[in-house]
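Student: pasting the sequence and the predicted model now:
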Amino acid sequence: MLFPESRRALEAAAGETPVWTDGYDVAGAREQAQAAAAQEPREEVAEVADVDADGVPARLYTPAGAGAGGIVHVHGGGFVFNDVEVHDAAARRLANRSGLRVLSVDFRRPPEHRFPAAVDDVAVAGEWARHHLGGPLLAHGDSAGGNLALVDTLRHPGRYAALALVYPFLDPTAGFESYTTAADGFDPREAAWYWEQYATAADRTDPDLAPLLSDRLGTLPPTLVVTAEHDPLRDEGEELARRIAAAGGEVTATRYLGQLHGFWRHPQAFPSAEPAVRQVAGFLRLHA
C-alpha cells in the first residue's frame, strides 16, 4: 500500500513531461533540478570544500570531529541527471549523521559522456579518496549512483570497508517482476530511456554496467541494500542482496514499506527519509 506521502508525491508529479518524449530537454531538466535543490534547507557542516580529485570534480564535507577515512558518495539520477549541487543537502545530512567525511563525486554524465566515463570517474575519485582521506574508506550510492558505487567496489576489492546502496539501478533488461507490479511514479519507459542514454546495447552484458552479472559478488565488503516497496528497482536490489549472501558475503537488506523511488533524498516530503539516512549513516559508521 502506498503511504499518504507517496500518494501526495505522485499527485504533485502528475503532468510532468516524460523523459522519453521526443526532443526532451535534458539541459533544461538539469537546470530545474538545480533550482529546486537550491530551495531545500541545507544543514551546516563544519567544512565544505570543492576539490579536484585527480581531474574529477568533487565536494568534500567534513563534519566537526571527523577523523581519518570517509564516505565516497555517488549520486543518483539515472546516470543522466543530478550533480553535487542537487545532492548537496543529502550529502550534508549523511556527513552530519555519520560523523564522517563525505566525498560527493561529480562524475561525467550521458548522453554527452557515455559508459564507461562515469565508472572511470568514480574509480579515479575513489583512488584520490584512498590517498587523501586515508582509511577506513566507505562507499555509498543511490539509484544509478548505487550502480556506480557497487561497480567501483567490485573493480577494486579491498578499497572499501563497507558499502551502502539505496534502491540501486542494476538491471538493463528490466527483467524483474517489480517493473510491472511496483512501478508507481517510475515508469519502466523512463528506466529504459536512462539505459539508452548511458550505454549501447552491446555494453549491457558488461558487469561494469550490469553488476548483477558479476562473478565477484563474494568479494564485497559488508553491504547494506535499501529498497522501496513501490519501486520498479525493488526486486533487482533485493536479488543483489540474495546473490551476495549466496556468494558468501555479509549483507543486510531492508525494504521501506509504502515508499517510492527517490524517497530517501526528500525528508521534507517523506517521513521515512530521515530514518533511512540514519540507517545508512549508522551502518557505515559501524564499519568505520
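Tutor: It's in.
Student: show me where the stretch 1-150 of the chain has its helices.
Tutor: Counting by DSSP state H, counting those that start in this stretch, the segments of the stretch 1-150 of the chain that form helices are 4-13, 26-38, 88-98, 117-132, 144-155.
Student: list the buried residues for the second one?
Tutor: Of all the residues in helix 26-38, those buried under the rule 16 or more other CB atoms under 10 Å are 29-30, 33, 37. Just so you know, the C-beta spots here come from the backbone N, C-alpha and C atoms, and that holds for glycine as well.
Student: save these as JSON lines, and put in distance to residue 205 and pLDDT too.
Tutor: Listed next are the buried residues of helix 26-38 as JSON lines, based on distance: CB to CB, whole Å; pLDDT from 0 to 100:
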{"residue": "29", "distance to residue 205": "29", "pLDDT": "94"}
{"residue": "30", "distance to residue 205": "29", "pLDDT": "96"}
{"residue": "33", "distance to residue 205": "31", "pLDDT": "93"}
{"residue": "37", "distance to residue 205": "35", "pLDDT": "90"}
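Student: tell me which element residue 245 is part of?
Tutor: Assigned by DSSP states H and E, residue 245 falls within helix 234-246.
Student: pull out the buried positions in that helix.
Tutor: Residues of helix 234-246 classed as buried by neighbour count (16+ other CB under 10 Å): 234-241, 243-245.
Student: what do you get for stretch 40-56?
Tutor: Within stretch 40-56, judged by 16+ other CB under 10 Å, the buried ones are 45, 48, 51, 53, 56.
Student: stretch 252-269 too?
Tutor: 253-256, 258-267.
Student: now do the closest residue in space to residue 128 that isn't next to it in sequence, the pLDDT please.
Tutor: Spatial nearest neighbour of residue 128, chain neighbours left out: residue 53 (3.8 Å); criterion: CB to CB, 6 or more residues apart in numbering. In this prediction, residue 53 carries a pLDDT score of 98.
Student: please report how far residue 53 lies from residue 12.
Tutor: Distance check for residue 53 against residue 12: by CB to CB, to the nearest Å, it reads 36 Å.
Student: element containing residue 252, please.
Tutor: Residue-wise, residue 252 maps onto strand 251-260 under DSSP H and E.
Student: same question for the very next helix or strand once past that strand, mean pLDDT?
Tutor: Remark: after strand 251-260, the chain's next helix or strand is helix 273-286, criterion DSSP H and E. The average pLDDT within helix 273-286 is 98.
Student: before we move on, back to that, show the contacting residues for the residue nearest to residue 128.
Tutor: 103, 105, 124-125, 128-129, 132 (CB atoms under 8 Å, 6 or more residues apart in numbering).
Student: can you list the strands that the host helix or strand of residue 164 pairs with?
Tutor: Residue 164 belongs to strand 162-166 when assigned by DSSP H and E. Strand 162-166 has these partner strands in its sheet, going by DSSP bridges: strand 137-142 (parallel), strand 223-230 (parallel).
Student: and the last one, C-alpha only, in CSV?
Tutor: Meaning strand 223-230. Coordinates of the C-alpha atoms in strand 223-230 are reproduced here as CSV (Å, rounded to 0.1, in the frame of the first residue of the first chain):
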residue,chain,number,x,y,z
THR,A,223,26.9,-4.4,2.3
LEU,A,224,23.6,-2.7,3.1
VAL,A,225,20.9,-2.7,0.4
VAL,A,226,17.9,-0.5,1.0
THR,A,227,14.8,-0.8,-1.3
ALA,A,228,11.4,0.9,-1.5
GLU,A,229,8.2,-1.1,-1.7
HIS,A,230,6.7,0.8,-4.6
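Student: for residue 218, see how far away residue 187 is.
Tutor: 34 Å.
Student: repeat that for residue 40.
Tutor: Applying CB to CB, the value for residue 40 to residue 218 is 39 Å.
Student: show me what stretch 14-24 is in contact with.
Tutor: Contact with stretch 14-24 is made by 29, 78, 80, 187, 189-190, 192-194, as judged by CB under 8 Å, 6+ apart.
Student: nearest to residue 5, of these?
Tutor: Closest approach to residue 5 among those (CB to CB): residue 187, at 20.0 Å.
Student: rewinding a little: and the helix holding residue 245, what does it pack onto?
Tutor: In this structure, helix 234-246 makes packing contacts with helix 178-181, strand 223-230, strand 251-260, judged by 3 or more CB pairs under 8 Å, 6 or more residues apart in numbering; DSSP states H and E.
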